[in-house]
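A.B. asks: Could you work out the structure for the sequence below:
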Amino acid sequence: MIKRVFVAVTLMFTSLAANSANLSNELLEECKRVENAARVIMNARQGGVPLTTVLEMADAAGKESEYVGSLYKSLIGKAYEFPQQPDAKMQQGLVAEFQKTYYSLCIDAAQKT
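C.D. replies: Just a heads-up that it's a prediction; the model follows:
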């Protein structure tokens, strides 16, 4: 069982690395920013930070960069659709899955440009 999980995880990361190898450094950096933003926002959600608080942060970021503000608001909307998980292990799993999802979506979108 552990071997199968290890092989699946290895294949997943190899696949992401192979897909992202054809992208420019600028696009890869942008996808890493999206991934980090997704992680931070879902951590806030799972940590019980009120929606109004994170939206205020997105508004403040939007004053600096309209793109960043709209990205944060989009991620916040998606993150707050998920319920707060009851224990730390489940929270960490959800955070990891959320950030991986948005990194993958970014890579897919970048490859189409």
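
A.B. asks: contacts for stretch 87-95?
C.D. replies: Residues lying outside stretch 87-95 but in contact with it, judged by C-beta atoms under 8 Å, 6 or more residues apart in numbering, are 39, 42, 43, 46, 47, 82, 84, 85. No exception for glycine: its C-beta is placed from N, CA and C like everyone else's.

A.B. asks: The fourth one and residue 80 touch, don't they?
C.D. replies: No: under the criterion of C-beta atoms under 8 Å, residue 46 is not in contact with residue 80, lying 10.6 Å apart.

A.B. asks: one step back: so can I have a markdown table of the contacts of stretch 87-95 showing pLDDT, neighbour count and secondary structure?
C.D. replies: Converted to a markdown table, the contacts of stretch 87-95 look like this (pLDDT from 0 to 100; neighbours: other C-beta atoms under 10 Å; DSSP: H, G, I helix; E, B strand; the rest coil):
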| residue | pLDDT | neighbour count | secondary structure |
| --- | --- | --- | --- |
| 39 | 97 | 18 | helix |
| 42 | 97 | 26 | helix |
| 43 | 97 | 17 | helix |
| 46 | 97 | 21 | helix |
| 47 | 96 | 10 | coil |
| 82 | 97 | 14 | coil |
| 84 | 96 | 12 | coil |
| 85 | 96 | 15 | coil |
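
A.B. asks: Name the nearest of those relative to residue 107.
C.D. replies: residue 39 (15.6 Å; C-beta to C-beta).
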